[in-house]
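*Asks:* Here is my input, please return the structure:
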Amino acid sequence: MHIHRRTFIQQAGILTTGLFIGPSVISGKLPDIGLQLWTLKDDLEHDVKGTIIKIAAAGYTDLETFGGGDQFFGLSPAAFKQLLDQHRLKSTSGHYYFPIHYNDNASFDTVIQGFITAAKILGQTYIVIPALPEELYKTAEGCKAAAARLNRAGQLCKDAGLQLAYHNHDFEFQPFGTQTGYDILLKETDAALVKMELDLYFCVSAGVDPVALFKREPERFVMWHVKDMDKNNRALNTEVGSGSIDFRRIFSYAKLAGVKRYFIEQENFSIDPYVSLKKSAQYFKRSLIR
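*Replies:* Model (predicted):
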């Protein structure tokens, strides 16, 4: 569990196991390696341009943003897009903090439309809700209310030619009898309007098998957060391929999941962050996508 991130968020066809068929095989080309920029939030705050250059040098080409939508690390959406273009980078997805406390539809819709405007400037396809207030997951009714708002936002995104997605932490998997909050979200949201960005680390941390989710909701998990779990301390991340998560098995179900984009993320480092991220990128290219 990473309390610091949660606090920040609140404030603002069937495959056979072992048979690897990834998107590179299906499409004939290697997918872009993405990075969730939360990984380097402190560096971005102090030196956005220098950080972007280092990210590109580490082998990443698709950067998933986070924030409210009017500014990205002190830059306007247009200025940030220009910076990405200068270094031959793109951003296909962004995390935007959901205005769940807006009860009237007009105010809610205005905020979502602001996200849509920013996403279009950046050239993004996906608007991702990174989390909802944890108190909503204390009751089944709260989860259903959240799902209704996600459906509304998803329709606004669809009308604008974009796709809404939801990113999980681990608290969504709290049980209510025989179902969890995540089960309720999957059931109560329209699969066409609300796709899922599955954080594999948080899923495994909660004791949930990602493959079981793929089998239950095929082609709905269009994005993955790929971050590994330290072998000695489950609360910590490590370089992809160095931890305890069986990514090879999970990636063998990529087609079933419907994954389109991968974003590596790491919330703590024991070595230089850019060395760490380069190691993750190399493992991803060498062992997970072929």
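*Asks:* Show me where the stretch 101-250 of the chain has its helices.
*Replies:* Using DSSP state H, counting those that start in this stretch, the helices found in the stretch 101-250 of the chain span residues 105-122, 140-159, 181-188, 200-205, 210-216, 247-251.
*Asks:* Summarise which helices and strands the third one is packed against.
*Replies:* In other words, helix 181-188. When contacts are defined as 3 or more C-beta pairs under 8 Å, 6 or more residues apart in numbering; DSSP states H and E, helix 181-188 sits against helix 140-159. Just so you know, the C-beta spots here come from the backbone N, C-alpha and C atoms, and that holds for glycine as well.
*Asks:* May I see the buried residues of the helix it packs on?
*Replies:* Using 16 or more other C-beta atoms under 10 Å as the test for burial, helix 140-159 gives 140, 142-144, 146-147, 149-157.
*Asks:* Equivalent analysis for stretch 238-254, please.
*Replies:* For stretch 238-254, the neighbour count (16+ other C-beta under 10 Å) marks 238-243, 245, 247, 250-254 as buried.
*Asks:* One more: stretch 63-70?
*Replies:* For stretch 63-70, a neighbour-count test (16+ other C-beta under 10 Å) marks 63, 64, 65, 66, 67, 69 as buried.
*Asks:* Then stretch 99-119?
*Replies:* Neighbour-count burial for stretch 99-119 [16+ other C-beta under 10 Å]: 99, 100, 108, 109, 111, 112, 115, 116, 118, 119.
*Asks:* Not counting it itself, show me its contacts.
*Replies:* Stretch 99-119 has contacts (C-beta atoms under 8 Å, 6 or more residues apart in numbering) with 69-70, 72, 77, 94, 96, 126-127, 132-133, 136, 146, 149, 152-153, 156-157, 160, 162.
*Asks:* tell me the mean pLDDT over it?
*Replies:* Stretch 99-119 carries an average pLDDT of 90.
*Asks:* roughly how far out does it sit from the chain middle?
*Replies:* 20 Å (C-alpha atoms, centre = their mean, to the nearest Å).
*Asks:* likewise stretch 228-236?
*Replies:* In terms of C-alpha atoms, centre = their mean, the centre of stretch 228-236 is set 19 Å apart from its chain centre.
*Asks:* again with stretch 90-104
*Replies:* 12 Å.
*Asks:* end-to-end on it?
*Replies:* With C-alpha to C-alpha, to the nearest Å applied, stretch 90-104 spans 34 Å between its terminal residues.
*Asks:* Let's see the distance spanning stretch 181-196 from one end to the other.
*Replies:* Terminal residues of stretch 181-196 are spaced 14 Å apart (C-alpha to C-alpha).
*Asks:* buried ones in that stretch?
*Replies:* 181, 182, 183, 184, 185, 186, 188, 189, 193, 194, 195, 196.
*Asks:* isn't residue 249 right next to residue 209, touching?
*Replies:* No - contact criterion C-beta atoms under 8 Å: residue 249 and residue 209 do not qualify, at 9.4 Å.
*Asks:* what's the overlap in contacts for these two?
*Replies:* Going by C-beta under 8 Å, 6+ apart, no residue sits against residue 249 while also sitting against residue 209.
*Asks:* any idea how far the residue nearest to residue 78 when sequence neighbours are not counted lies from residue 91?
*Replies:* Distance criterion C-beta to C-beta, 6 or more residues apart in numbering; nearest residue to residue 78, sequence neighbours excluded, is residue 121 at 5.7 Å. Separation of residue 121 from residue 91 (C-beta to C-beta, to the nearest Å) stands at 10 Å.
*Asks:* what do these two both touch?
*Replies:* residue 81.
*Asks:* the more surrounded of the two?
*Replies:* residue 91 (22 against 16; other C-beta atoms under 10 Å).
*Asks:* Quick check: the more buried one touching residue 84?
*Replies:* Yes - using C-beta under 8 Å, residue 91 is in contact with residue 84, at 6.2 Å.
*Asks:* Between the two, which contacts overlap?
*Replies:* Common neighbours of residue 91 and residue 84 (C-beta under 8 Å, 6+ apart) are 63, 122.
*Asks:* Which positions within stretch 267-277 qualify as buried?
*Replies:* 267, 269, 273, 274, 276, 277.
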